[in-house]
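Novice: After the sequence you'll find the predicted model.
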Amino acid sequence: MQPAVSSNALRFWSFMLALFSSVSTAVFSESAFHDNFALAVMAIALAGMIVSAAFLMLDAVLAACSP
């Protein structure tokens, strides 16, 4: 029995949440430290989203190709 939500999808949405929260931190922050930290988290979250999306596409291809 497979879970309702795959771990790759959960990882993707977690990185999406991290990206949105870092964008809001960068927009509303008053200090340079928070801006730099938010930019670093944005880069990590974007890389994680790309990798997670690739794994989601791989899962979709494997599900379509295997009986």
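Specialist: Sure thing, it's come through.

Novice: Tell me which residue is most central in this structure.
Specialist: Ranked by distance to the mean C-alpha position of the chain (CA atoms, centre = their mean), the top residue is F15 at 2.3 Å.

Novice: In contact with the residue lying closest to that residue once chain neighbours are set aside, which residues?
Specialist: In this structure, F15 finds its nearest non-sequential neighbour in G48, 4.0 Å apart by CB to CB, 6 or more residues apart in numbering. Every C-beta, even on glycine, is put in place using the N, C-alpha and C of the backbone. By CB atoms under 8 Å, 6 or more residues apart in numbering, the contact set of G48 is R11, F15, A18.

Novice: M16 reaches M49, doesn't it?
Specialist: Yes. In this structure, M16 is within contact of M49 by CB atoms under 8 Å, at 6.2 Å.

Novice: what is in contact with these two at once?
Specialist: Going by CB under 8 Å, 6+ apart, no residue sits against M16 while also sitting against M49.
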